[in-house]
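S.K.: predicted model and sequence follow; I will ask about them next.
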Amino acid sequence: MTDPNANPSLPALQAEIARLNKVVQVLMDRVEHSGDLGNSYFDQVQATVMLEDLVRRRTQELEAALAENRAINRALSEAEQKFHCVLDQSLVGISMTIDQRFHYANPKFAEILGYSVEEILKLGPADITPAEDLPQVLDVIRRALNGEFQQLTFTTRAVRKDGRIINVEMSGKAPLDIGGRPALIAVWADITERLGAEREIEALQTRLRDQALHDALTGLYNRLFLAENLDRTIALAARHGYPVSAVIADLDFFKSVNDRYGHPGGDAALKHLADLMRQHARSSDIICRYGGEEFLLLMPDTPVEVARERAEYLRQCLAEQRVAWKSTPIALTASFGVASYPEDAQSGGELIEAADSALYSSKANGRNRVTRFGQSWEPAPI
Ligand SMILES: Nc1nc2c(ncn2[C@@H]2O[C@H](COP(=O)(O)OP(=O)(O)OP(=O)(O)O)[C@@H](O)[C@H]2O)c(=O)[nH]1
C-alpha cells in the first residue's frame, strides 16, 4: 500500500544531486576555459583543489542523506509489513473503495464474499450488491463521499461469488484523501448467522407468548389473556360509550362425561364446545377457556339481548349435535349465564361475577338453559 516515492526526502535529494552536477559542470568549464583566458598554472591547480574539496564534502553530505533515506525506507517497509500482518489476520473484512472499485481488500473481506483477494480487487460495491438493494447502497456511498457522515454503521445484503445472499454489517468513516482521490474505508462483518439466531429467538418468544396466552387443548385464549385484556376492553367501551356483554358457558354433568367416556372423551367434548363458540363468534369477540369446563365469551359493543340470543343459539346447537367419539357419539348440554356492562356491572371483574352468578342460576334451575343476570330463568324451548 505504501508508495516508496512518497518519502518526502527523496525528490529533494534527487534535486540536490542534479543541482550539484550542474555546479560541477560549470566549475569544470571554468577550469578548462581559464587556460584560454591566460590564467596561470597555479590558478588552475588552486581551482581544481577547491573543486575537489567541494565535491568531496558534497558527496559526504549526500551519502549521509542517502543513508538516512535508506533507514527511513526500511522503517517504512517494516511498519507496512506489521500493518499488513494485522490486516491479514483481522477477523473482520476491511476494504478501501476508490472510484467505485475495491482498491484494497484484506483476506477476510474476500473470504466473506467467497472470492480471492485478487478477484475481489477487480470488483466494486455494485458487483456484490443484490439488484434490489443497489439504489440504497449507491445512495449511501454518494452521501459518504459528500462527507455527510462522520461515522456510519449500515446493515445491508451482499451477493457472494456462489450467488448466496448474505447479511452484512458495514461501518465506515468520512472519506480519506488518497493520492487526491476520496477513498472509503469500510469494515465488514457477515451477520447472517447472528440475524438468523435473532429471528429464531424472536419466533420462539412469539410462540412462547402465544402458548402462555392460549389453552393448549382448545386453542382458545386462557385466563391470563383475559386478565390482560378485560379491563382494557371495558375502558375502551367506557370511552366510546358502548356496552360489553359476557356469556359464560359451563358443560352440564361433565364429570359423568369423563366417567363414561374417559378423559380423552371429555377432552373431545371440551373441544367440541370450543369449536362451536369459535364458529359463531365475531372477530371482535374474545373467547377463552375460563376454567376446566367453563368458557367465557366477551362481546364488545354488543347489547345484552343480542348476547342472550347468541347464548341461546349456542345452547340449542350443543343440545342438538352429538360429539363424534368412537362408536358412541356423546350427547352434551351446557348452562349459560349472561350479563352486560354497564347495565349489570361497573368493571370487568364485576361483569364476570354477574355472568357467573347468572350461570349459577341456570345450574340451580335445572341446567341446559340461559339466564340473564338479575332476571328469573325462562324454561328452555326444548
Ligand atoms: N377431560 C377433561 N376433563 C376436565 C378438564 N378440566 C376439568 N375437567 C373435569 O371437569 C369436571 C368438572 O366437574 P364439576 O365441576 O363437578 O362439574 P360437572 O360435573 O360438569 O357438574 P355441573 O357443572 O354442576 O353440571 C371434573 O371432573 C374435572 O376433572 C380437562 O381439561 N379435560
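M.R.: All right, it came through fine.

S.K.: and residue 104, that's in a helix?
M.R.: No - Residue 104 sits outside any helix when classified using DSSP: H, G, I helix; E, B strand; the rest coil, being strand.

S.K.: dump the residue contacts of it.
M.R.: By C-beta atoms under 8 Å, 6 or more residues apart in numbering, residue 104 lies in contact with 1, 94, 95, 96, 121. Every C-beta, even on glycine, is put in place using the N, C-alpha and C of the backbone.

S.K.: which one of the residues you listed is nearest to residue 136?
M.R.: Residue 136 lies nearest to residue 95 out of those, by C-beta to C-beta, at 18.1 Å.

S.K.: residues touching residue 288, list them.
M.R.: Applying C-beta under 8 Å, 6+ apart, the residues near residue 288 are 215, 220, 221, 222, 223, 225, 226, 295, 296, 298.

S.K.: how about residue 229, nearest residue that isn't a chain neighbour?
M.R.: Nearest residue to residue 229 in three dimensions, chain neighbours excluded: residue 286, at 6.3 Å (C-beta to C-beta, 6 or more residues apart in numbering).

S.K.: the ligand contacts on this protein?
M.R.: Proximity of the chain to the ligand (C-beta under 6 Å from any ligand atom) is limited to residues 217, 250-255, 258, 263, 266-267, 270, 292-293, 363, 367.

S.K.: just the buried ones out of the residues you listed, please.
M.R.: Neighbour-count burial (16 or more other C-beta atoms under 10 Å) is assigned, among the residues of the chain next to the ligand, to 250, 251, 252, 254, 258, 266, 267, 270, 293, 367.

S.K.: and the residues you listed as TSV, adding secondary structure, pLDDT and distance to residue 171?
M.R.: Shown next, in TSV, are those (DSSP: H, G, I helix; E, B strand; the rest coil; pLDDT from 0 to 100; distance: C-beta to C-beta, whole Å):
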residue	secondary structure	pLDDT	distance to residue 171
250	strand	97	62
251	strand	97	62
252	coil	97	67
254	helix	96	63
258	helix	96	63
266	helix	96	60
267	helix	96	56
270	helix	97	56
293	coil	92	59
367	coil	96	70
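
S.K.: those residues: which two are farthest apart?
M.R.: Farthest apart among these by C-beta to C-beta are 267 and 367. That separation is 21.0 Å.

S.K.: contacting residues around residue 191?
M.R.: Residue 191 is in contact with 155, 167, 168, 169, counting by C-beta under 8 Å, 6+ apart.

S.K.: distance of the residue nearest to residue 229 from residue 333?
M.R.: From residue 286 across to residue 333, the span is 24 Å (C-beta to C-beta, to the nearest Å).

S.K.: of these two, give the one with the bigger neighbour count.
M.R.: residue 286 (19 against 15; other C-beta atoms under 10 Å).

S.K.: beta partners for that one?
M.R.: Taking DSSP bridges, one finds residue 298 as the beta-bridge partners of residue 286.

S.K.: is it true that it touches residue 223?
M.R.: No - in this structure, residue 286 is not within contact of residue 223 by C-beta atoms under 8 Å, at 11.7 Å.

S.K.: please enumerate the strands of the protein.
M.R.: 93-98, 101-105, 151-159, 165-173, 176-178, 181-190, 244-251, 286-289, 294-300, 322-323, 330-331, 334-341, 370-372 (DSSP state E).

S.K.: for residue 143, which of these is the nearest?
M.R.: strand 151-159 (8.5 Å).

S.K.: can you pull out the residues in contact with the closest one?
M.R.: 112-113, 128-130, 133, 136-137, 140, 144, 165-173, 191.

S.K.: can you rerun that using 6 Å?
M.R.: Contact with strand 151-159 is made by 128, 130, 133, 137, 140, 165-173, as judged by C-beta atoms under 6 Å, 6 or more residues apart in numbering.
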